[in-house]
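Chemist: Sequence and predicted structure are below.
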Amino acid sequence: MLTITFIRHGQSEDNLKAIWAGWKDTPLSELGREQAEALSHSTALHNPPITAIYSSPLLRAYQTALAVQSKISDIPITQDPNLREHYFGIAEGHIWTPELPSGMSLREAYAQGMFPIPQGRDGAFPEGESFNDLARRAQVAIRERLLPHLNVGADQHVAVTSHGHCISELVAAMLRLDPDMSHSTGEAYQGLLNTAWTRLEVSVKENDLPVDPASPPPLKVRITHSNQADHLRGVPADVTQNPAEEGAPAEAIAFFGGQTRQN
């Protein structure tokens, strides 16, 4: 049995700004560090015991991975650029805009520093990635980092610290490896709060081992936990997850957390 736990990073210093952060490399905020520390103490996260840790190299994810690692002995963190967040090209660092103002062209909007959400899975900002580009990158991470653990010969629990959009595509790509998984089940995945985690159990359907990660056999993939955040009880409220209090618009929080997927 291969258990995979996908963990979204803690609140970053950019979260409150509602900007297109993407590969913009800012660290966890003070609250984000508290969230990561609370996560590291989660009994549920560490059951079963974590046997490998992979992380996006972006600071907000890597610092979250370091917190998890601090409660485990002798398990290194492997950084993988394929686990980075959606790359937003020329929009990075600019304020998030939900849609194009009426009567304005994209060219005019970009010239004024306005960057509305690209439309469809092939839509992208200049120099940036589309959702389909991100999905292809997620598939590479699965082939190179996750599926080889099926060949270890013992139960494995792999923790992956990443980002809202990237985790959405990783989960969707894993579910597609199970021919019996209904499309609607994948659609039901609704993203993550900061430091929340989603867990999958993966096994080979016909005991067809060893698995070729480049061309895996049919797998059995099951979501056992989704958006788990019990560890945040007692941690101050994250305004990026309670936008009615202050901070970023609710639509931006849902979008960046991977809760509004484009299919």
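Modeler: Now that the structure is in, tell me what you want to look at.
Chemist: Okay, now the unreliable bits of the stretch 101-250 of the chain?
Modeler: Of all residues in the stretch 101-250 of the chain, those with pLDDT under 70 make up the ranges 182-190, 243-249.
Chemist: Tell me where it has strands.
Modeler: 115-116, 156-162, 197-204, 219-228 (DSSP state E, counting those that start in this stretch).
Chemist: Single out the most deeply packed of those strands.
Modeler: Highest mean neighbour count of these: strand 156-162, a mean of 25 (counted as mean count of other Cβ atoms under 10 Å). For glycine as for every other residue, the C-beta is placed from the backbone atoms N, C-alpha and C.
Chemist: Okay, angle between that one and strand 197-204 too, please.
Modeler: 140 degrees (axes from the mean of the first three to the mean of the last three Cα atoms, to 10 degrees).
Chemist: Strand 156-162 packs against which elements?
Modeler: strand 2-8, strand 52-55, helix 59-69, helix 164-175 (3 or more Cβ pairs under 8 Å, 6 or more residues apart in numbering; DSSP states H and E).
Chemist: Export the ones you listed as a markdown table, with columns for distance to Val221.
Modeler: Converted to a markdown table, the helices and strands packed on strand 156-162 look like this (distance: least, Cβ to Cβ, whole Å):
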| stretch | distance to Val221 |
| --- | --- |
| strand 2-8 | 9 |
| strand 52-55 | 18 |
| helix 59-69 | 23 |
| helix 164-175 | 5 |
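Chemist: Now mean neighbour count too, for the ones you listed, in JSON lines please.
Modeler: As requested, the helices and strands packed on strand 156-162 are exported to JSON lines (neighbours: other Cβ atoms under 10 Å):
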{"stretch": "strand 2-8", "mean neighbour count": "25"}
{"stretch": "strand 52-55", "mean neighbour count": "22"}
{"stretch": "helix 59-69", "mean neighbour count": "23"}
{"stretch": "helix 164-175", "mean neighbour count": "24"}
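Chemist: Out of those, the one nearest Gln241 is which?
Modeler: strand 2-8 (10.7 Å; Cβ to Cβ).
Chemist: Now do the closest one and strand 219-228, the angle between them.
Modeler: 30 degrees.
Chemist: Now do the helices in the stretch 1-150 of the chain.
Modeler: Remark: helices assigned in the stretch 1-150 of the chain by DSSP state H, counting those that start in this stretch are 30-40, 59-69, 106-111, 131-141.
Chemist: of those, which approaches Ile90 most closely?
Modeler: The nearest among the helices of the stretch 1-150 of the chain, by Cβ to Cβ, is helix 106-111 at 7.0 Å.
Chemist: in the closest one, what's buried?
Modeler: If you call a residue buried by 16 or more other Cβ atoms under 10 Å, then helix 106-111 has these buried ones: 109-110.
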